[in-house]
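Chemist: Here is my input, please return the structure:
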Amino acid sequence: MNYNFNKLSKISVISLAILSLGILGLAKSSWATDWYVKKGATGSNNGTSWANAWNEMDQISWSSFSHGDIIWLAGGTYTKSLGVDKSGLSDRQRIYIKRIRSTDAQCTALCDGSYDSQVVFSAGTAGILWSYSGSEQLGSYVTIDGRVDSGIKASGGDADWGAAVHIGRAVTGVTLQFIEMTGPWNGTNTPNGDGAAFYAIPYSGFITDLSIRNCRLHGAVNFVKMSVNNAIFEYNEFYDNWPTNCYPYHTNVPDSAGGNGIRIFRFNIVRDWINEGIMELSGSPTTWKVYGDLFYKSHSGPWRMGSAVDSQYREHTLYFYNNDVVNTWAVVLRAGNNGSWSTDSRALNNIFWNMRDSDNNYLYGCPGLNSSDDYNFCDYSGITGPHSIGNGNNPFVDYATNDFRIASTIGATYPREKGIALGPEYAIDAVSNIRGSDGTWDIGAYEYVSGGDTTPPAAPTGLTVQ
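Modeler: Just a heads-up that it's a prediction; the model follows:
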């Protein structure tokens, strides 16, 4: 199931978006300035108009910017890194870097159809960069927005190292959305280093309040390596990471090596990955909320799939709610190397389907966190909880084509109307269906709605983790 990232369809989500846009509207002060970048632009190249646009990323005069300013990017391929080197003032007074759209007021008579096209950063070691040099917090309160699915594409790194997007400073309040981050793996070469599509580890300290929304991350050894306090990942797709050797490079989804890591991981698709999934290698004990996500191996993908969530070296609390985990390795919710899950952790309303071990043998039993797990669904016996369903029938609309919406059937061995209500934070699914609208929550990532919309909403903008 592929997401279309560009639609809002429920009042609850629209209200948040309107509130966010209102806040952002206040943020762009009357004295804020528009700046312009266009590959091949002539004129004075001072960034003040399309006629005089900067024509490469290394021409941008960061010292000219103030909070609220917007840098408009025209489509094209840029061969110099977008090296972020200016901070906004606060979360409500940001610097914005946006792809231009033909409907924008800033798309003047000079702005022909080629302007409203994909912006590509292809610059060696990193397409988008907060470099280690300079002030450790320079580049805080910055939003980079491709505005449509893969509206911006960043690539970087050789077959072993580097990143498409690299944050090397202890910045605060960075938001990345509608960006495709791609590593060097093309399906035939053999990366054997520790590179990542997104590398967010500062030279010292931690990155704080990081939001990654509506992005695609693929083609690298790791999808994400990070040292972050308070990260949100939502409405993203992670797929196809592959090294020559899984050891010592563990090829994680996010590899969190410091800080409290991911606070919220929701409405994402994770497919065809190797080894651990969301893995906490170190950092401080914290609470992770992982809900509404789809973890799966496609029928043509590599078999050796890893865990969905993995706790290492610390005790963490995990709320794992309304997810689908399909065709993956047996150790779905894993704790190793003295890591553990707290007694408050819960796995509720999840579908676990076709679990296998590392040798591709079918697993007789279903995964979980602890004895408090309940209301889960599995195709084999051994599942915890008096309301959980073991030995279930195929629950999906079309398992063969990776359509993991649940079928309409209501029965003792199906997940529809067998879940438990979990509160307003968890009350919509990734395609914006309201859970329990027919009176009872369903088990799984997707709430059943007869004839309902299957296109998910775009994430609200301008929100931060508190």
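Chemist: Where do the strands of the stretch 1-150 of the chain begin and end?
Modeler: Assigned by DSSP state E, counting those that start in this stretch, the stretch 1-150 of the chain shows strands spanning 34-37, 70-73, 76-78, 82-83, 95-99, 119-122, 128-130, 142-145.
Chemist: Next secondary structure after the last one?
Modeler: Right, strand 142-145. The element immediately downstream of strand 142-145 (helix or strand, assigned by DSSP states H and E) is strand 152-155.
Chemist: could I have that next one exported to CSV, CA atoms only?
Modeler: Output in CSV follows, covering the C-alpha atoms of strand 152-155 (Å, rounded to 0.1, in the frame of the first residue of the first chain):
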residue,chain,number,x,y,z
ILE,A,152,12.9,17.8,-2.8
LYS,A,153,15.3,14.9,-3.4
ALA,A,154,18.6,14.8,-1.6
SER,A,155,21.3,12.2,-2.3
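Chemist: packing partners for that strand?
Modeler: Using 3 or more CB pairs under 8 Å, 6 or more residues apart in numbering; DSSP states H and E, the elements in contact with strand 152-155 are strand 119-122, strand 163-167, strand 179-182. From N, CA and C alone the C-beta is placed, and that goes for glycine too.
Chemist: Deepest-packed of those strands, please.
Modeler: strand 163-167 (a mean of 29; mean count of other CB atoms under 10 Å).
Chemist: Okay, now the sheet partners of the helix or strand following it, with direction.
Modeler: Next helix or strand after strand 163-167 toward the C-terminus (DSSP H and E): strand 175-177. Using DSSP bridges, the strands paired with strand 175-177 are strand 142-145 (parallel), strand 207-213 (parallel).
Chemist: how far is the shortest one from where the chain is centred?
Modeler: Pointing back at strand 142-145 there. How far strand 142-145 lies from its chain's middle: 15 Å, per CA atoms, centre = their mean, to the nearest Å.
Chemist: which residues touch that strand?
Modeler: 82, 84, 86-88, 94-99, 128, 151-152, 171, 173-179, 461 (CB atoms under 8 Å, 6 or more residues apart in numbering).
Chemist: one more time with 10 Å, if that's ok
Modeler: For strand 142-145, the external contacting residues (CB atoms under 10 Å, 6 or more residues apart in numbering) are 24, 70-71, 73, 82, 84-88, 91, 94-99, 119, 128, 130, 151-152, 154, 165, 171-179, 211, 213-214, 461-462.
Chemist: Reformat the strands of the stretch 1-150 of the chain into JSON lines and put mean pLDDT and distance to Tyr380 next to each item.
Modeler: What follows is the strands of the stretch 1-150 of the chain, written out as JSON lines (pLDDT from 0 to 100; distance: least, CB to CB, whole Å):
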{"stretch": "strand 34-37", "mean pLDDT": "98", "distance to Tyr380": "55"}
{"stretch": "strand 70-73", "mean pLDDT": "98", "distance to Tyr380": "50"}
{"stretch": "strand 76-78", "mean pLDDT": "96", "distance to Tyr380": "50"}
{"stretch": "strand 82-83", "mean pLDDT": "95", "distance to Tyr380": "49"}
{"stretch": "strand 95-99", "mean pLDDT": "98", "distance to Tyr380": "47"}
{"stretch": "strand 119-122", "mean pLDDT": "94", "distance to Tyr380": "46"}
{"stretch": "strand 128-130", "mean pLDDT": "94", "distance to Tyr380": "44"}
{"stretch": "strand 142-145", "mean pLDDT": "98", "distance to Tyr380": "44"}
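Chemist: Flag the shaky bits of the stretch 1-150 of the chain, pLDDT-wise.
Modeler: Applying pLDDT under 70 to the stretch 1-150 of the chain flags residues 1-31, 134-135.
Chemist: rewinding a little: the strands of the stretch 1-150 of the chain into a markdown table, with extra columns for distance to Ser437?
Modeler: Listed next are those as a markdown table, based on distance: least, CB to CB, whole Å:
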| stretch | distance to Ser437 |
| --- | --- |
| strand 34-37 | 43 |
| strand 70-73 | 39 |
| strand 76-78 | 45 |
| strand 82-83 | 43 |
| strand 95-99 | 35 |
| strand 119-122 | 39 |
| strand 128-130 | 40 |
| strand 142-145 | 32 |
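Chemist: Looking at the ones you listed, spot the one closest to Thr108.
Modeler: strand 34-37 (9.7 Å; CB to CB).
Chemist: which residues of the protein fall in helices?
Modeler: Along the chain, counting by DSSP state H, helices occupy 11-27.
Chemist: returning to what we had before: quick check: which of the helices and strands packed on strand 152-155 is nearest to Asp58?
Modeler: That would be, of the helices and strands packed on strand 152-155 and by CB to CB, strand 119-122, which comes in at 11.8 Å.
Chemist: Name every strand pairing with that closest one and say which way it goes.
Modeler: strand 76-78 (parallel), strand 152-155 (parallel).
Chemist: Pick the most deeply packed of those strands.
Modeler: strand 152-155 (a mean of 25).
Chemist: ok, now which ones touch Ile420?
Modeler: So Ile420 contacts 321, 348-349, 374-375, 385, 387, 436, 440-441, 443 (CB under 10 Å, 6+ apart).
Chemist: how about a cut-off of 8 Å?
Modeler: Contacts for Ile420 were tallied using CB under 8 Å, 6+ apart; they are 348-349, 374-375, 387, 441.
Chemist: Equivalent analysis for Asn323, please.
Modeler: 290-295, 308, 350-351, 444-445.
Chemist: picking up where we left off before, tell me which of the helices and strands packed on strand 152-155 sits nearest to Tyr141.
Modeler: For the helices and strands packed on strand 152-155, proximity to Tyr141 was assessed by CB to CB; strand 163-167 is nearest, at 13.2 Å.
Chemist: coming back round to it: between the contacts of Ile420, which has the most around it?
Modeler: Comparing those by number of neighbours (other CB atoms under 10 Å), Asn349 comes first, having 30 neighbours.
Chemist: Burial check on the closest residue to Thr440 other than its chain neighbours, number of neighbours?
Modeler: Closest residue to Thr440 apart from its sequence neighbours, by CB to CB, 6 or more residues apart in numbering: Glu417 at 4.2 Å. For Glu417, the neighbour count with other CB under 10 Å is 16.
Chemist: Perfect, I'm done here.
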